[in-house]
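Trainee: Here is a sequence with its predicted model. Questions after.
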Amino acid sequence: MSERWILLFIDGIGLAPPDFPDNALGDFLREYTGLPFVDADGPVFFDGGVLAPLDACLGVKGIPQSATGQTTIFTGHNAPAVLGYHLFAYPSTPLIDLIRRYGLPGEVRRRGGSATSLNLYTRDYFRRVRQSERPRFSVSTHLIMDGGGEFRYEEDYAAGKAVFMDLTGRLLRDHGVDVEVISPVESADNLLRVVREDQPDLTMFEYFLTDHFGHKMRRAALEKCLADLSAFTGRILEERPEGVNVMIVSDHGNAEDLSQGNHTRNPVPGLVFADEDVCRAWADKANDLTDITPFLLNRLFPSIPSDGQSRDSDGSDTPQDATTLQREGSDQETSPSPLPASEE
């Protein structure tokens, strides 16, 4: 396999219209793209990459939400269309089934590749959730749990092979966990250490404080998040090994508009840093959130078509359609804590 990927998921960052008067994300990553972080009529190329606006509404009325948006990103299936609505917070039964059958890291492993998430979890978190009245996990946690992956814990962080969601570990230490507080650049070095030493085909990391502070409409806190993310991303872009591409995606808008504290219907970034041929291939495919997983699978396994088939635990191929999934249930969830699985 000649190509490897780092997939950075940043929650709640949308592309506002170019004339939006107070775009809190307008300069995000501009030092690496030379572009304003805004919507456009189509993919915009820059030296070393391409920014493609992606539709997050997916033909379903209402405001895009986290559970359906993230499930769509990481399965390639239109989760809002499966449910008939946008679902916030934690995935419901039909979405968990989509993740189990089509989740990106699990599919990479089924095709003979390797995938890993760098997000740090604590064992105490899992103990508390499983003892709760209604145990629920985020999409990212189900991707690991139901996709044959392994969680990273404090010992992995101490060994320089895990990244906490705030990019520093400070929030975890403030919650009484004995971990070292590091810089976003050092967190990027931890991610790159895994990329170099373990050589996974797909390396994933989730960051969600952008969405959290977007809801809170806290500009100063958001600006700190963006500075940390820029330092983290910049280090990855500058030091990534040859043949490793980077994709940055989001599930819905929010932080670009701090005037209202809710998600938006703005498109979201499908930002790729790679050679020109890879960027042009992405630009040709990039329309909405359903295009991310098929594109990555086709880049990683060009000889294996992404044909919409899934594989059950016994290894057999099983077609699955939206009607079947809807019959299996669509229980709506209540609002979660602002800190999802690896972060509480």
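Mentor: Looks like it arrived, so ask away. Numbering: from 1, shown residues only.
Trainee: V272 should be in a helix, yeah?
Mentor: No. Applying DSSP: H, G, I helix; E, B strand; the rest coil, one finds V272 to be strand, outside a helix.
Trainee: check contacts around it.
Mentor: G49, V50, A52, N245, V246, M247, I248, V278, C279, W282 (CB atoms under 8 Å, 6 or more residues apart in numbering). Using the backbone N, CA and C atoms, a C-beta is placed for each residue, glycine as well.
Trainee: Mind checking which of those are in strands?
Mentor: With strands taken from DSSP state E, the overlap with the contacts of V272 comprises G49, V50, A52, N245, V246, M247, I248.
Trainee: How about the first one: what's its closest non-neighbour residue?
Mentor: This points to G49. Nearest residue to G49, sequence neighbours excluded (CB to CB, 6 or more residues apart in numbering): F273, at 4.2 Å.
Trainee: Identify the bridge partners of that neighbour.
Mentor: G49, V246 (DSSP bridges).
Trainee: Measure how buried it is and give me the count.
Mentor: F273 has 23 neighbouring residues, counting by other CB atoms under 10 Å.
Trainee: Surely it and L237 touch.
Mentor: Yes. Look at F273 against L237 with CB atoms under 8 Å: they come within range, at 5.8 Å.
Trainee: anything in contact with each of those two?
Mentor: In contact with both F273 and L237: Y32, V246, using CB under 8 Å, 6+ apart.
Trainee: can you map out the strands along the stretch 201-344 of the chain?
Mentor: 202-207, 244-249, 268-273, 310-311, 317-318 (DSSP state E, counting those that start in this stretch).
Trainee: hang on, the earlier thing: can you put the ones in strands among the contacts of V272 in TSV and add pLDDT, neighbour count and distance to Y90?
Mentor: Converted to TSV, the ones in strands among the contacts of V272 look like this (pLDDT from 0 to 100; neighbours: other CB atoms under 10 Å; distance: CB to CB, whole Å):
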residue	pLDDT	neighbour count	distance to Y90
G49	98	27	33
V50	98	23	33
A52	98	26	28
N245	98	20	30
V246	98	20	28
M247	99	23	24
I248	99	24	24
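Trainee: so which of these comes closest to H77?
Mentor: Using CB to CB, M247 comes nearest to H77 of those, at 18.4 Å.
Trainee: With distance to A227 as added columns, please give the strands of the stretch 201-344 of the chain in CSV.
Mentor: Formatted as CSV, the strands of the stretch 201-344 of the chain follow (distance: least, CB to CB, whole Å):
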stretch, distance to A227
strand 202-207, 13
strand 244-249, 16
strand 268-273, 18
strand 310-311, 41
strand 317-318, 46
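Trainee: quick one, which of the ones you listed is nearest to K61?
Mentor: Nearest of these (CB to CB): strand 268-273, 18.0 Å.
Trainee: could you give me the average pLDDT of that closest one?
Mentor: Averaging pLDDT along strand 268-273 gives 98.
Trainee: and what of stretch 150-165?
Mentor: The pLDDT scores in stretch 150-165 average 97.
Trainee: Span of it from start to end?
Mentor: One end of stretch 150-165 sits 17 Å from the other (CA to CA, to the nearest Å).
Trainee: what's next to it, contact-wise?
Mentor: By CB under 8 Å, 6+ apart, stretch 150-165 touches 116-123, 144, 169, 171-172, 177-180, 187, 189-191, 193-194, 205-209, 342-343.
Trainee: Go ahead and build a ChimeraX selection from the buried members of these.
Mentor: To isolate the buried ones among the contacts of stretch 150-165 in ChimeraX, judged by 16 or more other CB atoms under 10 Å, type:
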select :116,117,118,119,120,121,122,144,169,171,172,177,179,187,189,190,191,194,205,206,207,208,209,342,343
